[in-house]
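*Asks:* From the sequence below, what's the structure:
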Amino acid sequence: MKLKSAFVLLAATAAAATVHAQANDTLAKVRGAGKIVIGTRDSSAPLAYTLGEGRYTGYHVEVCNRIADAVKANLKLPNLATEYTLVTSQNRIPLLTNGTIDLECGSTTNNATRQQQVAFAPTTYVTNVRIAVKVNSGITSISQLNGKKVATTTGTTSVQVLRKHERANGVNFDEVFGKDHADSFLLLESGRADAFVMDDNILAGNIVNAKTPADFRIVGETLSEEPIAIMYRKDDPAFKKVVDDAVIGMMKSGEIERLYNKWFTQPIPPRNVAVNMAMTASLKNAIANPNDKPAEDYRK
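*Replies:* Numbering: from 1, shown residues only. Next up is the predicted model:
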């Protein structure tokens, strides 16, 4: 019995060691699993969102599909499967670090705190944090939020950004939380919140997909400018090279700009309405000079 127990313990230890090793070698993990798993979002349009029935689309979903093609080429496995897993603001980092997903393709801000846990590809979007309100509310500025209810999504930092903004000094508002971006927008749409603070692209994406888009608008000052990027496990140099080379290649070839125009200036599904967001100077600079600088560098 003792020999049998020792054998079982050794086998378990070896298996755990294999899992740990593969966690730091995503290419080996993907080869062994026969698939690459992409974590994505259901309501971060036009970056990443669902069309229902397990179908995901958007700017960052397309970027990740190109990265998956690069992984297949690197491994010489053209028929490697691509699988999608829905993630939220709360579980995206744990699901990446524990190996459930291999890439996170959504709307995650690259900041110094997160860089302690994960790595980011070169920045592929630069967002401005603002507020969305109902047109008939009369709200046009942060200073008008005193005594109001402000919605945001659990696991995001937007309300903290709002509270730190100088225009919010002396402005007292109540926070209400949605479990995801669609739920936060519903709080605004149903009148349970007076404003929704979030990345401008997410606000625009939810507005164009609302029942009556003309009832809403994005107003007020820009609270912060933040880089958004594809996220993957840190301390994995071989996988980092494949991902970063794929993204930089798209930037140099003009593919990133083409994808941006497709998702931000042209009609997008399911309503075939455009969010009409021209590329900002900050994003043009990030594409011309690929980098994974955190949000803190944008605030200097």
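*Asks:* residue ranges with poor pLDDT in the protein?
*Replies:* 1-23, 166-168, 299-300 (pLDDT under 70).
*Asks:* can we see that at 50?
*Replies:* 1-17, 19 (pLDDT under 50).
*Asks:* Centroid-nearest residue for it?
*Replies:* Nearest to the mean C-alpha position of the chain, by C-alpha atoms, centre = their mean, lies Ser107 at 1.8 Å.
*Asks:* who touches the nearest residue to that residue once chain neighbours are set aside in this structure?
*Replies:* Distances taken as C-beta to C-beta, 6 or more residues apart in numbering place Ser44 nearest to Ser107, at 4.0 Å, with adjacent residues excluded. C-betas here are computed from N, CA, C, even on glycine. Ser44 makes contact with Gly58, His60, Gly106, Ser107, His181, Asn201, Ile202, Gly205, according to C-beta atoms under 8 Å, 6 or more residues apart in numbering.
*Asks:* which one of these is nearest Ile131?
*Replies:* Ile202 (11.8 Å; C-beta to C-beta).
*Asks:* Count the residues that sit near the closest one.
*Replies:* Counted with other C-beta atoms under 10 Å, residues neighbouring Ile202 total 30.
*Asks:* Derive a PyMOL selection command for the buried subset of the contacts of Ser44.
*Replies:* To isolate the buried members of the contacts of Ser44 in PyMOL, using 16 or more other C-beta atoms under 10 Å:
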select buried, resi 58+60+106+107+181+201+202+205
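*Asks:* Not counting the helix or strand containing Tyr49 itself, show me its contacts.
*Replies:* Per DSSP states H and E: Tyr49 is located in strand 48-52. By C-beta under 8 Å, 6+ apart, the surrounding residues in contact with strand 48-52 are 40-43, 56-61, 86, 105-107, 205, 269-270.
*Asks:* What's the PyMOL syntax to select whichever of these are buried?
*Replies:* A single PyMOL command selects the buried members of these (16+ other C-beta under 10 Å):
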select buried, resi 40+41+42+43+56+57+58+59+60+61+86+105+106+107+205
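*Asks:* Can you flag which of the contacts of strand 48-52 belong to helices?
*Replies:* Tyr59, His60, Val61, Gly205 (DSSP state H).
*Asks:* How is Val150 assigned, secondary-structure-wise?
*Replies:* Going by DSSP: H, G, I helix; E, B strand; the rest coil, the secondary structure assigned to Val150 is strand.
*Asks:* Against Arg41, how distant is the residue nearest to the centre of the chain?
*Replies:* 6 Å (C-beta to C-beta, to the nearest Å).
*Asks:* which residues are common contacts for the two?
*Replies:* Shared contacts of Ser107 and Arg41, defined by C-beta under 8 Å, 6+ apart, comprise Leu47, Ala48.
*Asks:* how about the spatially closest residue to Asn291 that is not a sequence neighbour, what does it touch?
*Replies:* In this structure, Asn291 finds its nearest non-sequential neighbour in Pro122, 6.0 Å apart by C-beta to C-beta, 6+ apart. With contacts defined as C-beta under 8 Å, 6+ apart, the neighbours of Pro122 are Ala229, Asp244, Val247, Ile248, Met251, Ala286, Pro290, Asn291, Asp292.
*Asks:* Please pick the buried ones from these.
*Replies:* For the contacts of Pro122, buried by 16+ other C-beta under 10 Å: Ala229, Asp244, Val247, Met251, Ala286, Pro290, Asp292.
*Asks:* Not counting sequence-adjacent ones, nearest residue to Val79?
*Replies:* You called it Val, but residue 79 is Asn. Lys72 (8.0 Å).
*Asks:* before we move on, the earlier item: looking at the buried ones among the contacts of Pro122, which are in helices?
*Replies:* The helices, defined by DSSP H, take in Asp244, Val247, Met251, Ala286 from those.
*Asks:* ok, so of those, who is nearest Ala81?
*Replies:* Closest approach to Ala81 among these (C-beta to C-beta): Val247, at 21.8 Å.
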